[in-house]
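In: Take a look and give me a structure for this.
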Amino acid sequence: MSHERNGDDIAAVLRHLGIERADIAGYSHGGDASIWMAVQHPEMVRNLIVIATAFSRDGWYPETQEGMTGVSGALAEQMKATPIFDGYGHPDQFPLSLDRMGELMRKDWDWREKVRGLTMPVLLIFADHDSVSITTSPSSSRCSGAASASPAGSSRNSRKPGWRSSRAIPTTTSARRRKWRR
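Out: Numbering: from 1, shown residues only. Predicted coordinates for the structure are as follows:
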């Protein structure tokens, strides 16, 4: 399992379905795959939507990185009570899948330069309680700046109590074009 292969897998599915170009969206690990789809097959990506995904391993909070490091097949029995297991098509291979996912999540990676080179419009979506910092990932990518800063001493995304958070984080590409391609 690799991020690059996951991106290639998305492209292969689209080709199999006869889809030449698509809007690609991904959440968390799916965001990783979506980024690599856009990096490796930009001609197939009309718009890229990345939700709660970092562009380097250090974009995840330290406690999240610690949890990522602990993923392995040894957790299979505990995870049988989770939606991840419920949706898994080959229960006998679940521990192997967790081993491979753990290996992938323990690798150090930094895609900032790759992301800077993307030419399609990119929408970045981050929420207040994500495992990735909006002050790290957007500023680490091709964005013009982070949407907000955490208060001094805080490691979490912040907002004022009682306020609804809705922030658009412009990228150099989307700021230039101001609209999605159709």
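
In: ok, which stretches of the protein are strands?
Out: 22-27, 45-51, 122-125 (DSSP state E).

In: Include distance to residue 99, mean neighbour count and mean pLDDT when you put the ones you listed into CSV, please.
Out: Heads up, the C-betas are built off the backbone N, CA and C, glycines and all. CSV is the format used below for the strands of the chain (distance: least, C-beta to C-beta, whole Å; neighbours: other C-beta atoms under 10 Å; pLDDT from 0 to 100):
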stretch, distance to residue 99, mean neighbour count, mean pLDDT
strand 22-27, 22, 18, 95
strand 45-51, 26, 21, 95
strand 122-125, 30, 21, 89
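
In: Mind putting these into JSON lines with distance to residue 9?
Out: Output for the strands of the chain, formatted as JSON lines (distance: least, C-beta to C-beta, whole Å):
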{"stretch": "strand 22-27", "distance to residue 9": "12"}
{"stretch": "strand 45-51", "distance to residue 9": "14"}
{"stretch": "strand 122-125", "distance to residue 9": "20"}
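
In: Can you tell me which of those strands is nearest to residue 71?
Out: strand 22-27 (17.3 Å; C-beta to C-beta).

In: where along the chain do the helices fall?
Out: For the chain, applying DSSP state H gives helices covering 3-16, 29-40, 62-69, 76-79, 83-86, 94-106, 112-116, 137-140, 172-177.

In: Need those in a markdown table (columns: mean pLDDT).
Out: Below are these laid out as a markdown table (pLDDT from 0 to 100):
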| stretch | mean pLDDT |
| --- | --- |
| helix 3-16 | 93 |
| helix 29-40 | 92 |
| helix 62-69 | 85 |
| helix 76-79 | 88 |
| helix 83-86 | 82 |
| helix 94-106 | 88 |
| helix 112-116 | 86 |
| helix 137-140 | 42 |
| helix 172-177 | 39 |
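
In: now those helices as JSON lines including mean neighbour count?
Out: Listed next are those as JSON lines, based on neighbours: other C-beta atoms under 10 Å:
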{"stretch": "helix 3-16", "mean neighbour count": "16"}
{"stretch": "helix 29-40", "mean neighbour count": "22"}
{"stretch": "helix 62-69", "mean neighbour count": "13"}
{"stretch": "helix 76-79", "mean neighbour count": "13"}
{"stretch": "helix 83-86", "mean neighbour count": "12"}
{"stretch": "helix 94-106", "mean neighbour count": "17"}
{"stretch": "helix 112-116", "mean neighbour count": "16"}
{"stretch": "helix 137-140", "mean neighbour count": "22"}
{"stretch": "helix 172-177", "mean neighbour count": "14"}
